[in-house]
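Enquirer: structure of the sequence below:
(2 chains)
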Amino acid sequence: MDFTHDDEQQALGEAVRGLLARSYADFENRRRTVADEPGFDEKTWARLAEMGVLGLPFDEEYGGMGAGPVEVGVVAQELGRVLAPEPFLASVVLAGGVVAAAGTAQQKGEVLGDLASGASVLAFAHAEPGARWVPSAAGVTAAESADGWTLSGVKEPVPHGARADLLVVSAAVPGSGTGLFLVSPGATGLARDGYRTFDGGRAARVALDATPAVPLGEAGTDRTSTVAGVLDGARIAACNEALGTMEVALSTTSGYLKTRKQFGVPLSTFQSLTFRAADMYVSLEMARSVTLWATMVLAAASDGGPDENREVAEAASRAALQVSRAGRHIGQEAVQLHGGIAMTAEYSVGSYTSHLTALDHLLGDGGFHLARLAAAVGGHGEVDPLP
Amino acid sequence: MQLELSPEDAAFRDEMRTFFTTKIPQEIRDAVADRRELTKEQLVTSQQILNEHGLAVPHWPVEWGGRDWSALRRHIWHEEMQRACVPPPLAFNASMVGPVIATFGNREQKERFLAKTANLDIWWSQGFSEPDAGSDLASLRTSAVRDGDEFVVNGQKTWTTLGQYGDWIFCLVRTDPEAKKQRGISFLLIDMTSPGLTVRPIELIDGGHEVNEVWFEDVRVPAENLVGEENKGWDYAKFLLGNERVGVAPVGATKRVLAQAKEWARSVPTGEGTTLLDDPLTAARVAELENQLLALELTALRVVANSADGKPHPASSVLKLRGTELQQAVSELVLDLAGPDSLASGAGDSSALADWARRSAPVYLNLRKASIYGGSNEVQRQIIARTILGL
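Expert: I've put the predicted structure just below:
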């Protein structure tokens, strides 16, 4: 039983940290990057591709690195530390994850290969107006004719939906639940309206009107549980990203308390502030513990059978709940302990709070996951984390 | 990164589980499960069985009954014990004075005290806090003045848990009133049958008498009962308090009570075929606590899996702080599950109301101490802020 990263994983983290430092060691660069389209730095994206990061979790035969959730977590943490806006979570973990789970061998080779090489940004168009974090589709429907499949309806918010070179879209298929499709950006009837999210990210409204689509993998299979599995994996990656963000929010706050003087003394003189910082540390470490554990549960899952899926779903919810609570606590306190300066866009800490808020609501917030867990409390005695 | 215990550690866990569920008398384990106060005899019996099997003081030096276990194995031992409702060895003996004597005592003291301490043949009390010295322990005033080959001790100690059972008391006493406060303290072992030593019970808000005041009026203590060097007692106290912090937040026991709480909730009908556990607010409260406890347990595992031996990991403050808060929160949940039945705390067994419900308020009130003792949670925050965050 070991919660530490091995040498290779540490080396990966250091390499990614170094790569991202080229663009984002200076927070002002991050501000500039997110102010302009596409909201991230294409050069950084290309460098990540060169390093193999964009193909990290995919099989080598499809152009990937054959790495697992732990490595994805290491990368996600580094991105979270500097609020790197590159769409690793949206493109690689979510959209790429869906393709890896459902695509034919040929589709995986082409789509994941282009993703890994940096040639193609993917987006997963799944969330729909009125639906809250469900794995099924309803608002976008699929229809089959002699000419093939078409999709109609609205997906929103789609992370990086406007920039994407290829869309992975979930749709309700009459008689067979939720299906998965690939939609090209030039397809007829496709309208994409991109916009900024409040944390400097990008999302889009994607409207489809009898838009041609190619089934991902076998058509006619209900892919709800596939989507659920990918969402749970992405939740765990998002928790890792949040860890990096929370860690820097706390260290920035501690640094500020030591250096900022008022009434002739540094703020760290006041116990009311240092105690609140201590509470932030406790929240961070609790969140780290559950996130690392959930990452290991996911890493240990291999056959994708129903029992394992349930275990992973539970672990993802536990981590997401803990991170939701911690992220909100740390995000709020980081601003409060800084005072006015944290309210400015120029100073970094407010953006950390923003990003934690966005991550929280991307894949299911604390309330959502608490409800999932609460529904199951009667089904077990003690919760035992070790197998 | 790997979740599974090694095969050796997994086998060790099974060994501990089997032992704790088979070798300790059922009536003792039932008393713990019911959250009832144990008698002195029960506590002695239990510890002596553990000691007979080398399982009472595993963290002591091997020479004196310890086992050469990793921090992880000590954690597993402790968790399995709680899981099986086996009372832990008396902390004053096993975690406090025992390690101090083993580390700083001389040969005669080790031979005289350690075996009996491990076996609970001597029941130790802790003489640290005073009415004017709680968090600010170093300001203590109980004095020990050298007179020939004895010390003469005068003063008062308070919060002496289970002092009414105590045979000996280990005390921090002031031996140099002129020195800066931490520098004038010594660590003295005192026979509680000594003339001039009086124990008076303190009634607590839960109706019990688990703590006492101990008065010292010209109590004569042989100088050979000084542990280590005179005026170095504060170093030994810091060593002891660091160890005290590690075991004081019982994750395993709190998990067990929470699991029991679910059964208790299930036993309270609320309508047509529904119980309190079906109430969404109750279920949410339970789920939130389960998750927090999971986070705490995993943090404890992270600490023991990767700790350098000897010194308490700085995260032990996190464990004490959060562990006691969760312990209190679970007791509060149980109180709320009991609802109006909690008022029947004074009813005997002829009551129509369940045992667990009748005990829920005294337990809740008693556990308000948990965030105060072992270094108050405010002190833990101070330690975290200073030693981890550098504030």
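
Enquirer: every contact and neighbour count from this point should use C-alpha atoms.
Expert: Noted.

Enquirer: close to chain A: what parts of the stretch 151-300 of chain B are there?
Expert: The stretch 151-300 of chain B comes close to chain A at residues B:255-256, B:258-260, B:262, B:277, B:280, B:283-288, B:290-292, B:294-296, B:298-299, as judged by Cα under 8 Å from any Cα of the partner chain.

Enquirer: distance of B:R35 relative to chain A?
Expert: 17 Å (Cα to the nearest Cα, to the nearest Å).

Enquirer: longest strand anywhere in the chain?
Expert: Here I'm looking at chain A. When chain A is parsed with DSSP state E, its longest strand is strand A:202-215.

Enquirer: that was the other one, I meant chain B.
Expert: In chain B, taking DSSP E as the definition, the longest strand is strand B:211-222.

Enquirer: my guess is A:G153 is in a strand, correct?
Expert: Yes. Counting by DSSP: H, G, I helix; E, B strand; the rest coil, one finds A:G153 located in a strand.

Enquirer: okay, domains of the chain per the record?
Expert: I went with chain A, as the question did not name one. Domain assignment for chain A by automatic domain parsing gives A:7-120, A:123-215, A:224-379.

Enquirer: chain B was what I was after
Expert: B:7-89, B:124-230, B:248-388.

Enquirer: how about those domains in JSON lines, adding mean neighbour count, distance to A:P185 and mean pLDDT?
Expert: Below are the domains of chain B laid out as JSON lines (neighbours: other Cα atoms under 10 Å in any protein chain shown; distance: least, Cα to Cα, whole Å; pLDDT from 0 to 100):
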{"stretch": "domain B:7-89", "mean neighbour count": "17", "distance to A:P185": "53", "mean pLDDT": "95"}
{"stretch": "domain B:124-230", "mean neighbour count": "19", "distance to A:P185": "67", "mean pLDDT": "96"}
{"stretch": "domain B:248-388", "mean neighbour count": "19", "distance to A:P185": "43", "mean pLDDT": "92"}
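
Enquirer: the stretch 101-250 of chain B: strands as residue ranges?
Expert: B:124-127, B:143-147, B:150-157, B:168-174, B:185-191, B:197-202, B:211-222, B:226-227 (DSSP state E, counting those that start in this stretch).

Enquirer: all helices for the stretch 251-391 of chain B, in order.
Expert: B:251-266, B:280-305, B:315-338, B:355-366, B:377-383 (DSSP state H, counting those that start in this stretch).

Enquirer: and the residue of the stretch 101-250 of chain A closest to chain B?
Expert: Among all residues of the stretch 101-250 of chain A, A:L250 sits closest to chain B, at 9.1 Å; criterion: Cα to the nearest Cα.

Enquirer: still on that earlier bit, adding mean pLDDT and distance to B:E4, write the domains of chain A out as JSON lines.
Expert: Listed next are the domains of chain A as JSON lines, based on pLDDT from 0 to 100; distance: least, Cα to Cα, whole Å:
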{"stretch": "domain A:7-120", "mean pLDDT": "97", "distance to B:E4": "15"}
{"stretch": "domain A:123-215", "mean pLDDT": "97", "distance to B:E4": "30"}
{"stretch": "domain A:224-379", "mean pLDDT": "96", "distance to B:E4": "9"}
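
Enquirer: and those domains as JSON lines, adding mean neighbour count?
Expert: Output for these, formatted as JSON lines (neighbours: other Cα atoms under 10 Å in any protein chain shown):
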{"stretch": "domain A:7-120", "mean neighbour count": "20"}
{"stretch": "domain A:123-215", "mean neighbour count": "20"}
{"stretch": "domain A:224-379", "mean neighbour count": "21"}
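
Enquirer: and those: which comes nearest B:Q109?
Expert: Taking Cα to Cα, domain A:224-379 is the member of the domains of chain A nearest to B:Q109, at 40.4 Å.

Enquirer: what's the span of that closest one, first residue to last?
Expert: 23 Å (Cα to Cα, to the nearest Å).

Enquirer: and for stretch A:184-204?
Expert: Stretch A:184-204 stretches 15 Å from its first residue to its last (Cα to Cα).

Enquirer: for the residue of chain B positioned farthest from its centre, what are phi and psi?
Expert: In chain B, counting by Cα atoms, centre = their mean, B:E272 sits farthest out from the average C-alpha position, at 43.5 Å. Dihedral pair for B:E272: phi -70, psi 100, per degrees, to the nearest 10.

Enquirer: try B:S129
Expert: Here B:S129 shows phi and psi, under degrees, to the nearest 10, equal to phi -60, psi 150.

Enquirer: what about it, distance to B:L326?
Expert: 25 Å.

Enquirer: same thing with A:S324?
Expert: 19 Å.

Enquirer: cool, and B:L293?
Expert: Taking Cα to Cα, one finds B:L293 at 7 Å from B:L326.

Enquirer: can you check A:A278 too?
Expert: Using Cα to Cα, A:A278 is found at 17 Å from B:L326.

Enquirer: tell me the contacts of the residue of the stretch 101-250 of chain A closest to chain B?
Expert: Shown in contact with A:L250 (Cα atoms under 8 Å, 6 or more residues apart in numbering or on different chains): A:277, A:280-281, A:330, A:334.

Enquirer: and it, that's in a helix?
Expert: Yes. Judged by three-state DSSP, A:L250 forms part of a helix.

Enquirer: from A:A21, how far out is it?
Expert: Plainly put, A:L250 is 19 Å away from A:A21 if you go by Cα to Cα.

Enquirer: one more: B:G228?
Expert: Using Cα to Cα, we find B:G228 at a distance of 54 Å from A:A21.

Enquirer: now the phi/psi pair for the residue of chain A positioned farthest from its centre, please.
Expert: Here the centre of chain A is the reference, and by Cα atoms, centre = their mean the most remote residue is A:G264, at 43.3 Å. In this entry, A:G264 is assigned phi and psi values of phi 80, psi 0 (degrees, to the nearest 10).

Enquirer: next, the closest residue to chain B within the stretch 51-200 of chain A: phi, psi?
Expert: Distances from the stretch 51-200 of chain A to chain B, computed as Cα to the nearest Cα, single out A:V70 as the nearest residue at 7.6 Å. Torsion angles at A:V70 (phi, psi; degrees, to the nearest 10) stand at phi -70, psi -50.

Enquirer: residues contacting it?
Expert: With Cα under 8 Å, 6+ apart, A:V70 has these contacts: A:9, A:295-296, A:299, B:1.

Enquirer: and the stretch 251-387 of chain A, which of its residues are near chain B?
Expert: Neighbours of chain B within the stretch 251-387 of chain A, by Cα under 8 Å from any Cα: A:254, A:257-258, A:268, A:271, A:274-275, A:277-279, A:282, A:285-287, A:289-290, A:293, A:296-297, A:318, A:321-322, A:370-371, A:373-375, A:377-378, A:381-387.

Enquirer: in helices, which of those appear?
Expert: A:254, A:257-258, A:271, A:274-275, A:277-279, A:282, A:285-287, A:289-290, A:293, A:296-297, A:318, A:321-322, A:370-371, A:373-375 (DSSP state H).

Enquirer: contact partners of stretch A:100-109?
Expert: Identification of contacts with stretch A:100-109 by Cα under 8 Å, 6+ apart yields A:58, A:61-63, A:99, A:112, A:180, A:216-218, A:226, A:230.

Enquirer: what's near enough to touch the residue in the stretch 51-200 of chain B positioned nearest to chain A?
Expert: Residue nearest to chain A within the stretch 51-200 of chain B: B:L72 (9.3 Å; Cα to the nearest Cα). Listed by Cα under 8 Å, 6+ apart, the contact set of B:L72 reads B:301, B:304-305.

Enquirer: nothing else from me, thank you.
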